[in-house]
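Colleague: Okay, sequence plus prediction incoming.
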Amino acid sequence: MNRLGFNKGALSRVTAIFVKEFIQLKRDRLTFAMVVMVPLIQLLLFGYTINTDVRHVPIAIVDQCQTQLSRQFIEDIKATQIIDVVKFFDSPSRIMEAVRAGKVGAGLLIPRDFEKRYNDKNNDPLAHFIVDGSDTVVAGALKALRAFPFTQSSSISADQIPHTIAVELLYNPEQRSALFTVPGLLGVILTMTLTFFTAVALVRERERGNMEILIATPISSMELMIGKLIPYMVIGLIQVSLILLLGHFLFQLPFVGNFGLLYFCCMLFIFANVGLGLLVSVKAPNQLGAMQLSIFILLPSILLSGFMFPYDAMPQAAQWLAELLPMTHFIRLTRGILLRGAQLGGLMPDVLFLLGFFLLTMLLATILFKKKLD
Amino acid sequence: MKLIDDVIVVHGLTKRFGEFVAVNNLDMNIKSGSIHGFLGPNGSGKTTAIRMMCGLMDASEGDIHVLGLSMPEHASQVRDQVGYMTQKFALYEDLTIKENLRFIAKVRGIPAALAKERLNAVMIDNDLVEYQSQLAGSLSGGQKRRLAFSAAVLTEPRLLILDEPTSEVDPNTRREMWAKFFKLASVGTSILISTHLMDEAERCHYLTVLNDGIKVADGKTDQLKNEFSHQVVLVEGENVTPLTDSIMQMKQVLAVAQSGLVLRVIVSKEEADPVRIVSENIGPKFSVRKIKATIEDVFVAATQTTKCRLDKE
């Protein structure tokens, strides 16, 4: 008890910490700019540039057949919009050169016996695509043209019906990448900014020498952690709102789901990231070390969570690893709520994971944080 | 409030960093209501010892009792009652003076109404009112020290631990700060103050001298001077500087230091006539007389005796 006999409350100490953090954040223009600019820039970059719908691949054509049927074949393939015919060559070797030089993504060789092959119906390929396989996404799209159903006339007789698979798309029927990307981007941006910010939060105080005065006060480890958590929670919610608004106005992201549920899930994810960031900050030797550790979290989050590559296509071990990342669960939640209109009942496992992850990381950070200088 | 004679009692305090022993078997008592100086050269272990007393570091060995409470078990209660000023400025450079003080007031649980009153009082006391909206990072060294001191006394603690509080301040500010220390001591505040400045050490009621982590002198400041076991002689004359080396070569001499136009020579207590042996060494052109020891002499003798002996052997 000191001479003034204060009522020493935990609430007062927590308030002191988060008010201080707010003032410092307000003065740190770089951090403040990151809060707004990172979502804005990433959303624009990813929203407009990440596009897995392959369109307009430049190709060259060698038409050795030069008949009405071969010209119709070329027009039909162009109509798919997957390719753009940019060159016509007269020999197959020119195609090879153009592909090797990177001038075209592929070459299409229509052989002299194209009409004979078409009429024979003995399953010989009609034409040959020579594809630059170094870009697997482009190559995949062109490989899909193998099953291209080509018929000579619009009226197809019964024996001419090509075998195709009918696909009906329930969600995102236009298959616009932006709709798939924006909910994932919520996760990337929150992970990137919040883990980075909080990872340096404690270690910065230690490096600047503030920790000596801080731990000489009666503040407890838990109070310090909670005081640090609150400002970043607010920052995270501002970023969520910003991303959703931009996603809605720039990419016509539909809000089909429960808005309250979405914010609740975002809050859980923010907590999980801040908890992880604080845990990093407790163990990191300095600010640089904290940044490096954050990259260890960010990279697998981007690569394994299903944001960049399909979760189901990953090997089993990678899927297990992905299950440990908060972002994997968050992407499931946001895509579920935003695109499918999913309800809490169906999302419970992911909600519980995020909650558990937050509690565990906060607990560990609090236990591992030593109010000592040695 | 429990009244105790000694606000800090340290017994056998040792701190090791690997092989290096920063503080070695330190015993010291700090009397309630006194200003106790902790004197030692840079790197002598003062800050490490202070950090252990504040509960900021764990001791490798030994016992510490602060305000009657054993450390580190009662660290949180002790922190509540101790005002601590760090050697390096540790408040937030990106907060203003007022924001820093408000933060400390809130963390220490001072109610809002009282906090306002205390903030104003410490800012007036330490001439910080006109700079209250200035960022701490933009303050001069002296202003930063005054801010750190204001934060340490904000709760009117029973015990103040000040780690080199007057470094980086001008002599006038230092004098003013010492006036405040005496004022606080007069109303019962106990102060432990570390320093390597001799004029500050002279002002303390009690002194503990630390060298290489080992206590080399301890006691009342006047007593340390009066009971100084060695002898001090003053060498006066024109251009005394060239004499330093030859005097230092003498077996009986422990240390020589020039002070203005004179040399202060510390001669071993075993020497029966220090004036004569120094006079014989430097010749008749210089006058030599015996004088009373100062704290600087106590300090120099305590911290250099071992080194001098080794050098001369």
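Modeller: Cool, the structure landed. Residues are numbered from 1 along each chain as shown, chains lettered A, B, ... in the order given.
Colleague: who in the stretch 201-350 of chain A is up against chain B?
Modeller: A:208-220 (C-beta under 8 Å from any C-beta of the partner chain). To be clear about C-beta, it is placed using only N, CA and C from the backbone, and glycine gets the same treatment.
Colleague: So which of those residues belong to helices?
Modeller: A:Arg208, A:Asn210, A:Met211, A:Glu212, A:Ile213, A:Leu214, A:Ile215 (DSSP state H).
Colleague: Can you give me the pLDDT of the second one?
Modeller: To tie it back to what came earlier, the one meant is A:Asn210. Looking at A:Asn210, its pLDDT is 89.
Colleague: What sits closest to B:Met71 if chain neighbours are left out?
Modeller: What sits nearest to B:Met71 in space, not counting adjacent residues and going by C-beta to C-beta, 6 or more residues apart in numbering or on different chains, is B:Ile64, at 4.2 Å.
Colleague: would the one you found count as being in a strand?
Modeller: Yes. Assessed by DSSP: H, G, I helix; E, B strand; the rest coil, B:Ile64 belongs to a strand.
Colleague: Report the beta-bridge partners for it.
Modeller: B:Val10, B:Met71 (DSSP bridges).
Colleague: Can you name the residues that contact it?
Modeller: B:Ile8, B:Val9, B:Val10, B:Leu13, B:Met52, B:Met53, B:Ser70, B:Met71, B:Pro72 (C-beta atoms under 8 Å, 6 or more residues apart in numbering or on different chains).
Colleague: Pick the one among the residues you listed closest to B:Val187.
Modeller: Nearest to B:Val187 among these, counting by C-beta to C-beta, is B:Ile8 at 18.7 Å.
Colleague: Tell me the secondary structure at the residue nearest to the closest one when sequence neighbours are not counted.
Modeller: Once flanking residues are discounted, B:Ile8 sits nearest to B:Ile30: 4.0 Å by C-beta to C-beta, 6+ apart. With three-state DSSP as the basis, B:Ile30 sits in strand.
Colleague: low pLDDT regions in the stretch 151-300 of chain A?
Modeller: The model of the stretch 151-300 of chain A has pLDDT under 70 over residues A:151-180, A:255.
Colleague: Just list the residues touching the residue in it that chain B sits nearest to, thanks.
Modeller: Residue nearest to chain B within the stretch 151-300 of chain A: A:Ile213 (4.0 Å; C-beta to the nearest C-beta). Residues near A:Ile213 by C-beta under 8 Å, 6+ apart: B:Tyr84, B:Thr86, B:Ala90, B:Leu91, B:Ile104, B:Ala151.
Colleague: let's see 10 Å
Modeller: A:205, B:56, B:84-86, B:88-92, B:100, B:103-104, B:107, B:148, B:151-152 (C-beta atoms under 10 Å, 6 or more residues apart in numbering or on different chains).
Colleague: what ranges do the helices span in the stretch 1-150 of chain B?
Modeller: B:46-53, B:75-81, B:97-107, B:112-125, B:141-153 (DSSP state H, counting those that start in this stretch).
Colleague: Which residue lies nearest the spatial centre of chain A?
Modeller: Residue closest to the average C-alpha location in chain A (C-alpha atoms, centre = their mean): A:Phe307, at 3.3 Å.
Colleague: Identify the residue spatially nearest to that one, adjacent ones excluded.
Modeller: A:Gly184 (3.9 Å).
Colleague: Burial check on that neighbour, number of neighbours?
Modeller: By other C-beta atoms under 10 Å in any protein chain shown, 21 other residues sit near A:Gly184.
Colleague: Isn't it up against A:Met308?
Modeller: Yes. Using C-beta atoms under 10 Å, A:Gly184 makes contact with A:Met308 at a distance of 8.2 Å.
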